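Q: generate a structure from the sequence data that follows.
(2 chains)
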Amino acid sequence: MNGIQIVLLTGTLLLAIYFIIRIKKRVIDIIFMSIVIVCATVFILWPDATNVIAHRLGVGRGTDLIFYLSVLLFWFVVLKLYIRIRRLEQVFTDIVRKDAIEKADHFSSKDNINNPLDSGEKL
Amino acid sequence: MNKDKVYIIIPVYNETLLLRDIVTQLLVQSYSNIVIIDDGSTLNIREIVTTLPVIYIRHAVNLGQGAALQTGFEYVKKLNFDAVVTFDGDGQHSVDDIASLLYYIDDGSADISLGSRFLGNNKNQVPFVRSVILQIARHINLIFSGLLLSDAHNGLRALNKKAVDLIHFSENRMAHASEILFQIKKNHLRFKEVPMDIKYDPTSPKKGQSSIDSVKILFDLVLHKLFE
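A: Just a heads-up that it's a prediction; the model follows:
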């Protein structure tokens, strides 16, 4: 085993531990994460295996294939995060709006409408 | 139209210079229901309007003009009204134009009337760069919404009760001006474009939006379409 394999395996292991500690209840998350961790481990230990798959898919080297997949994964994560931010923003907006409307101030009373520059009282 | 049943919504973000003037002008023309939405300004807007007979609503944080307008709509929905007018707080709009917007709401020929700075005879007031950007923007709006208007981003509008009930801005920032077109289309609302005057003050070029903002709006728009 060479240096980079140790580094990558340690990273994968830490990721796996992190995932297990705060394990999600959704089955799809568990399956997806398990596949990622198993694949990562296999490809780190036997990097040549990626070449075989890459050749099948018409990609020159296994590392290139991994790179392309990583880019895809990266965009997927960005989009997922973006959707989450938008949802948060919507919730946040609703809260601020509700609070603002509850605290609406009605300055002055109807009777000094004809004289707007009069100092008004809060209702 | 009975002006007592017209609500004027003015979204404000740190626009302190002309706010008092605008409100006073509105009151002089007997628009007595004025709702000021302070979109989390860092300047003290409350102090400026506290002596005026207005309804003052303040967002605890800055959310954007779209969100401010929606807050105004939500507030007004609980009241008895015939029409809502949205009016910019920076002094670009003229109070005199409100009557022509309300005309089409009043006679029932439109659910929403949109101000347009390119209709009528005031075309030349628009600075060249702004004019080009707005030309591009209205065609982008056409691609996204299927509606080609003469003006792309105009804050002066009048809506009847039906339109206020149906329209909901989910775009907090400036892309709401395009979103309103999507919603007009989706809800089959009838609209009219009405000529209006817009004041570009060379001494305060900060009025309105900067040209860079148009890129941000486009970005928001694309994302809106992706995730709606």
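Q: what about A:T12, which SS state?
A: helix (DSSP: H, G, I helix; E, B strand; the rest coil).
Q: excluding chain neighbours, what is closest to it?
A: A:A40 (4.8 Å; C-beta to C-beta, 6 or more residues apart in numbering or on different chains). Where C-beta positions appear, they are placed from N, C-alpha and C, glycine not excepted.
Q: for chain A, see how far away B:Y56 is.
A: From B:Y56 across to chain A, the span is 4 Å (C-beta to the nearest C-beta, to the nearest Å).
Q: just checking, that residue touches B:N44?
A: No - shown here, B:Y56 and B:N44 do not form a contact pair, counting by C-beta atoms under 8 Å, at 11.5 Å.
Q: more neighbours: those two, which one.
A: Neighbour comparison, B:Y56 and B:N44: the larger count goes to B:Y56, with 23 against 11 (by other C-beta atoms under 10 Å in any protein chain shown).
Q: so what strands line up beside the helix or strand hosting the more buried one?
A: Using DSSP states H and E, B:Y56 sits within strand B:55-58. The sheet places strand B:55-58 alongside strand A:105-106 (antiparallel), strand B:33-38 (parallel), with pairing taken from DSSP bridges.
Q: can you show me the CA trace of that strand as PDB?
A: Written as PDB, here are the backbone C-alpha positions of strand B:55-58 (Å, rounded to 0.1, in the frame of the first residue of the first chain):
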ATOM      1  CA  ILE B  55     -49.400  52.500   8.000                       C
ATOM      2  CA  TYR B  56     -45.800  51.600   8.700                       C
ATOM      3  CA  ILE B  57     -44.600  48.000   8.400                       C
ATOM      4  CA  ARG B  58     -41.000  47.100   9.000                       C
END
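Q: could you point out which element follows that strand?
A: Past strand B:55-58, heading to the C-terminal end, the next element that is a helix or strand (DSSP H and E) is helix B:65-77.
Q: quick one: that following helix near chain A?
A: Yes - for helix B:65-77 and chain A, the contact criterion (C-beta under 8 Å from any C-beta of the partner chain) is met by B:A67, B:Q70, B:T71, B:E74, B:Y75.
Q: export those residues to JSON lines and tack on pLDDT and neighbour count?
A: As requested, the residues of helix B:65-77 next to chain A are arranged in JSON lines below (pLDDT from 0 to 100; neighbours: other C-beta atoms under 10 Å in any protein chain shown):
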{"residue": "B:A67", "pLDDT": "94", "neighbour count": "30"}
{"residue": "B:Q70", "pLDDT": "96", "neighbour count": "25"}
{"residue": "B:T71", "pLDDT": "96", "neighbour count": "28"}
{"residue": "B:E74", "pLDDT": "96", "neighbour count": "17"}
{"residue": "B:Y75", "pLDDT": "96", "neighbour count": "20"}
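Q: what's the neighbour count on the residue in chain B that chain A sits nearest to?
A: Using C-beta to the nearest C-beta, the point where chain B gets nearest to chain A is B:P53, with a distance of 3.5 Å. For B:P53, the neighbour count with other C-beta under 10 Å is 23.
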